[in-house]
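> pasting the structure only:
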């Protein structure tokens, strides 16, 4: 198996388990902590996440890219790692100081905000970017899965009622801290200790981080600030409704986002080797396959949201049904955005083209939140987020129209997949008129009918993407049997 395929497998396994475990815990946590408890945790977590993002200056993407460039040169690799690590530690020290002062000043007596400090401390030990840049995803995956199993197991053992929000916060923060510390012990195999640095080199790293800081901050504004603004302009209960809906959508998008995690270092390597034609060919195939998968998933989530939320989150989260339906288009926007950003713009160092759409989106998102959250609460934040995601992808596509055949790809594929997905949804809604099973049974029936209709029609139409995937799996099976 090639390195790239192994990396896809490891990251897919990680995302599958990291989705599967929350799939078990989210219903439990939703029922035990309730909308208020979930909202309290999410509100405080959004604040500490925002602080970490601001002070890290977008260094995660930059760090992965720089490590990928020098991964075959041990001396340069070691120097690059310790230069970046030094900058990260100095920046995070400032973040820790600011957050502690904020807790003492604004959140006096609220233990939940104090316990979120564990996430900040854990960021000091985060060296995931080193292993991702080296394309050593197996180590990261094993670490993440092991720690998550322990963390989620602890939730079932120790979190039993609404008063245990502090314990849930402690478990989540400690899991991150312990997992990052464990990964640090493996770096000595790949980098040698470096004690002296050039100030000029540190300045270069810092400047490049700043160039990626704006999109990182802007992206965080509309993925985290929405919860912060909900908590400030509405109620923590509305944060709870929004958070659980967002998690459902995220469970789907995180599978599709595997490609971005794996392809960033690979794309950087292709660019370093000046294999631009191969890179563009891979991107074209990636867009087509992502549309083939993400469009029916978007329509499918919209169609089963009522059954799924009632079964998955419980009756106290009924308001999340509409929010989940509103947010379903994010699946398409995120999947295409990952290709534009992580496959092309970031590794090609097109900082302006990557940064400007996200900046515009962040500004629009904040304005829409101020307008929509006070009257509509979580639903208003959901509309704002969907509009922002769509706007960002549209601007990125406009930038890339001269370098990639965006219009040709969309004209050939998107309308076919949209039309078939619409047919699929109409049939799924028709099931409600003739059946009255439990929510779980209805979900299973609707999913099976949806997949059967969508794949069946595409098979009759001899769709290229479908047959490409079928040929791929046939080849894999033949190799496995040989």
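Cool, the structure landed. Keep in mind that this is a model prediction, so the values were computed, not measured.
> middle-most residue in this structure, spatially?
residue 254 (5.1 Å; C-alpha atoms, centre = their mean).
> Can you pull out the low-pLDDT segments for the stretch 151-300 of the chain?
Applying pLDDT under 70 to the stretch 151-300 of the chain flags the ranges 195, 212, 214-223, 255-273.
> And for the stretch 1-150 of the chain?
For the stretch 1-150 of the chain (pLDDT under 70), the answer is 1-24, 58, 137-141, 144.
> how about the helices in it?
Counting by DSSP state H, counting those that start in this stretch, the stretch 1-150 of the chain has these helices, from start to end: 3-56, 59-69, 74-106, 111-115, 117-124, 128-133, 137-158.
> Including distance to residue 326 and mean neighbour count, could those go into JSON lines?
Backbone N, C-alpha and C define where each C-beta goes, glycine included. Converted to JSON lines, those look like this (distance: least, C-beta to C-beta, whole Å; neighbours: other C-beta atoms under 10 Å):
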{"stretch": "helix 3-56", "distance to residue 326": "18", "mean neighbour count": "19"}
{"stretch": "helix 59-69", "distance to residue 326": "29", "mean neighbour count": "23"}
{"stretch": "helix 74-106", "distance to residue 326": "31", "mean neighbour count": "16"}
{"stretch": "helix 111-115", "distance to residue 326": "28", "mean neighbour count": "19"}
{"stretch": "helix 117-124", "distance to residue 326": "28", "mean neighbour count": "20"}
{"stretch": "helix 128-133", "distance to residue 326": "32", "mean neighbour count": "23"}
{"stretch": "helix 137-158", "distance to residue 326": "28", "mean neighbour count": "17"}
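> outside of the helix or strand containing residue 227, which residues touch it?
In this structure, residue 227 is located in helix 225-233 according to DSSP states H and E. Contact partners of helix 225-233, identified using C-beta atoms under 8 Å, 6 or more residues apart in numbering, comprise 39, 42-43, 45-47, 50, 238-239, 242-243, 365-366, 369-370, 373-374, 377-378, 381, 384-385.
> 6 Å - rerun?
42-43, 46, 238-239, 242, 369, 373-374, 381, 385 (C-beta atoms under 6 Å, 6 or more residues apart in numbering).
> Buried ones from the residues you listed, can you make that a ChimeraX selection?
To isolate the buried ones among the contacts of helix 225-233 in ChimeraX, judged by 16 or more other C-beta atoms under 10 Å, type:
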select :42,43,46,238,239,242,369,373,381,385
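> Distance to residue 344 and secondary structure for the contacts of helix 225-233 - can I get that in JSON lines?
JSON lines is the format used below for these (distance: C-beta to C-beta, whole Å; DSSP: H, G, I helix; E, B strand; the rest coil):
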{"residue": "42", "distance to residue 344": "32", "secondary structure": "helix"}
{"residue": "43", "distance to residue 344": "35", "secondary structure": "helix"}
{"residue": "46", "distance to residue 344": "30", "secondary structure": "helix"}
{"residue": "238", "distance to residue 344": "37", "secondary structure": "helix"}
{"residue": "239", "distance to residue 344": "35", "secondary structure": "helix"}
{"residue": "242", "distance to residue 344": "31", "secondary structure": "helix"}
{"residue": "369", "distance to residue 344": "29", "secondary structure": "helix"}
{"residue": "373", "distance to residue 344": "34", "secondary structure": "helix"}
{"residue": "374", "distance to residue 344": "39", "secondary structure": "helix"}
{"residue": "381", "distance to residue 344": "30", "secondary structure": "helix"}
{"residue": "385", "distance to residue 344": "24", "secondary structure": "helix"}
